[in-house]
Every structure is written in structure tokens, then in C-alpha cells.
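# What shape does this take:
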Amino acid sequence: MILNIPGLYTKQMGIVVGSAIVGLLVGLTGAGGGALMTPMLILLFNVKPAAAISSDLVAAVVMRPVGAAVHLRKGTVNLRLVGWMTLGSVPAAFVGAWLLREIHSGADVERALGAALLAGAAAMVFRLLLDKRSGVARTGEVRRVTIRPLPTVLIGVVGGLIVGMTSVGSGSLMIVLLLFTYPLLSAGQLVGTDLTQAVPLTAAAALGALAFGHVEFGVTASIVIGSVPAVLIGSLLSSRAPDRLIRPVITLVIFASGLKYVGVGTTALGWIVLVVLLCAGGYWLVRRAGARAGP
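Numbers count the residues shown, from 1 in each chain. Modelled structure (predicted):
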């Protein structure tokens, strides 16, 4: 057997660069980790779906604590909220990792991943629309929020199960569910708490992946090398992050990846993304014109 050393090196370096971009977005917004990393590994670097999910989860055990440590130091984490979410998410993550092993078809894994991505994109859009319609300012402080234990544990259960199966959800799904449950908190206020609760969640999912999954340690190492410095930088800059610009981009990428995994062809996917961009651009122009015409 002859190894293609140059090709292997190029692939590993590509994963390092791609992981750095994703890590920066995770540090800035708390979203997009598994939802961007796993599709990148599968679509760009031809990593098998189960191996991409498992390798991403193991790498996240190193990446997530870096961002969480920054936010803990800044005081932007509610540890009681983290505790209630962890109560539901850790056992559910083991169940999700076991279910991933039981799904023997790669096509089934991709469809499950696609469904999770589409649910995350829809939730992000829906939450944005509700916020705009309510007109209520999200001025609450995450450290002083009144905890709702049962809904928070249920968020952990749902998120843990999906993370264990697909590596998606600790940011793109769970932070949206938190925004529904705690309507006075902004997304920016929840970034630190979301990153911190993802530490025990991804640790549990990673243990499940090691026990039941197919981890490729070379892929994991490349993800760690690229993402850890980037997530540190992103976390340090998160208070200045242009949330209104970054989140729509992440949402579009998650949406497009989800469509790809549920079986939408490349040509159809291109047209759908183009239509979405045109509609979003038209909506922005109408709102801008309305704001200029206002009092």
C-alpha cells in the first residue's frame, strides 16, 4: 500500500485552516461549532459521516473549555443555568452516541444530521422574527436571571441527544431554545453560558463517541490545532462581535448544509440559496427605505 503523503498533508492543513475559521465563529457567537465543522469535514475533506461526527466531538472537548474559561473570567456565565442544563444533557448525550452506532447506514446518519441543521436554522430565524415583532429589549443580565429548572433540563435533554447523534446542537440549537425560555436575555449574554454548558455536554458525547463511534485521531488533532487558538481569539472579541451580521451568515450556511444532507441536489441547492439571498436583500432594502422615510 502506497501512502499519498503530499495529499494527506494538504488535507490535514486544509482541516486546520477550516477549523480555525469555525473556531473563530464559535468564540464570537457560541454557535456554529458542530453545525459548521461536521459538514466541512464531510463535504470538503471526504471524511465519513460517523467518523466526522465522532472526531469533531472529541476535538470539541479541547476547544470548548478555552472559550468557556475566557467567559468565566469575564463573569458572563450563569453556573446555576449551566448545572440544570447539564443535568439533562450529559445522560442524553450518551444515548445519542449509542444511537449513532446503531444507525448502520451512512445515508441515515446524513439525513439525521440534515434534519438537525435545518431545525437549527429554522429556530434561529424564528427567534429573530419573534424578537423583532415583540419589540421588547433584551436587556436582562445572565448572572441575575431567574432559573426555570424544568424547561432548562428539557433543553439539555433535547440538545444532548442531538449532539450525541450528530455533533450539532450545543450552540446552533440550544442557544436558540434558551432564547425562547429566557426572553429578556440577548444572544450575546448567553454566549458564555452556552459555551460553558457545552463543556460537560461535549465531554459526555465524546466519551460516547470513543466507546461507540469511529474517531479518526488525525482529523481530531488537525481540528484542535486550528480551532483552539481561533476560539480563544473569538471569545476575547465576543463583546464586540457584529452579531447582526455574523448570525445570518451562520444561519445560511447551516441551512444550506442541512438541505444538502437531506438529499437536495447541487443545482437545486444553488438556486434555493440564491432565492434566499435575493429575498433577504429585498427585505433589507425595504426596511432601510422605511427607516429613512420614518419620522
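# so where's the stretch 101-250 of the chain shaky on pLDDT?
104-106, 127, 130-140, 142, 169-172, 186-189, 213, 238-246 (pLDDT under 70).
# how about the strands in it?
Counting by DSSP state E, counting those that start in this stretch, the stretch 101-250 of the chain has no strands at all.
# Show me where it has its helices.
Using DSSP state H, counting those that start in this stretch, the helices of the stretch 101-250 of the chain run over 106-134, 149-166, 174-181, 187-212, 217-237, 243-261.
# what's Lys48 sitting at in phi/psi?
The phi/psi pair for Lys48 (degrees, to the nearest 10) reads phi -60, psi 140.
# just checking, it touches Glu110?
No. Contact criterion C-beta atoms under 8 Å: Lys48 and Glu110 do not qualify, at 10.2 Å. C-betas here are computed from N, CA, C, even on glycine.
# For these two, indicate the residue with more neighbours.
Glu110 (19 against 15; other C-beta atoms under 10 Å).
# Could you measure from the more buried one over to Val276?
Separation of Glu110 from Val276 (C-beta to C-beta, to the nearest Å): 21 Å.
# can you check Ala206 too?
34 Å.
# cool, Glu141 as well?
35 Å.
# which of the residues in stretch 258-275 are buried?
In terms of neighbour count (16 or more other C-beta atoms under 10 Å), stretch 258-275 has its buried residues at Gly258, Leu259, Lys260, Tyr261, Val264.
# contacting residues around it?
For stretch 258-275, contacts defined as C-beta atoms under 8 Å, 6 or more residues apart in numbering pick out 39, 43, 110-111, 113-118, 120-121, 252, 256.
# try it again with 10 Å
Contacts of stretch 258-275 with the rest of the structure, by C-beta atoms under 10 Å, 6 or more residues apart in numbering, involve 35, 38-39, 42-43, 49, 107, 109-122, 166, 168, 252-253, 255-257.
# out of the residues you listed, which are buried?
With burial judged by 16+ other C-beta under 10 Å, the buried subset of the contacts of stretch 258-275 is 35, 38-39, 42, 49, 109-121, 166, 168, 252-253, 255-257.
# okay, the helices of the stretch 101-250 of the chain, which one's buried deepest?
Most buried of the helices of the stretch 101-250 of the chain, by mean neighbour count (mean count of other C-beta atoms under 10 Å): helix 187-212, with a mean of 25.
# element containing Trp98?
helix 79-102 (DSSP states H and E).
# err, Thr38, not the other one
Taking DSSP H and E as the criterion, the element that holds Thr38 is helix 33-45.
# Show me which residues of the helix or strand just after that helix are buried.
Using DSSP H and E, the helix or strand that follows helix 33-45 towards the C-terminus is helix 49-74. Residues 49-72 are the ones in helix 49-74 that count as buried (16+ other C-beta under 10 Å).
# about what we covered before: the helices of the stretch 101-250 of the chain into CSV, with extra columns for distance to Phe94?
Formatted as CSV, the helices of the stretch 101-250 of the chain follow (distance: least, C-beta to C-beta, whole Å):
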stretch, distance to Phe94
helix 106-134, 17
helix 149-166, 7
helix 174-181, 17
helix 187-212, 5
helix 217-237, 19
helix 243-261, 24
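# elements contacting the helix holding Thr38?
With contacts taken as 3 or more C-beta pairs under 10 Å, 6 or more residues apart in numbering; DSSP states H and E, helix 33-45 sits against helix 5-29, helix 49-74, helix 106-134, helix 149-166, helix 187-212, helix 217-237, helix 243-261.
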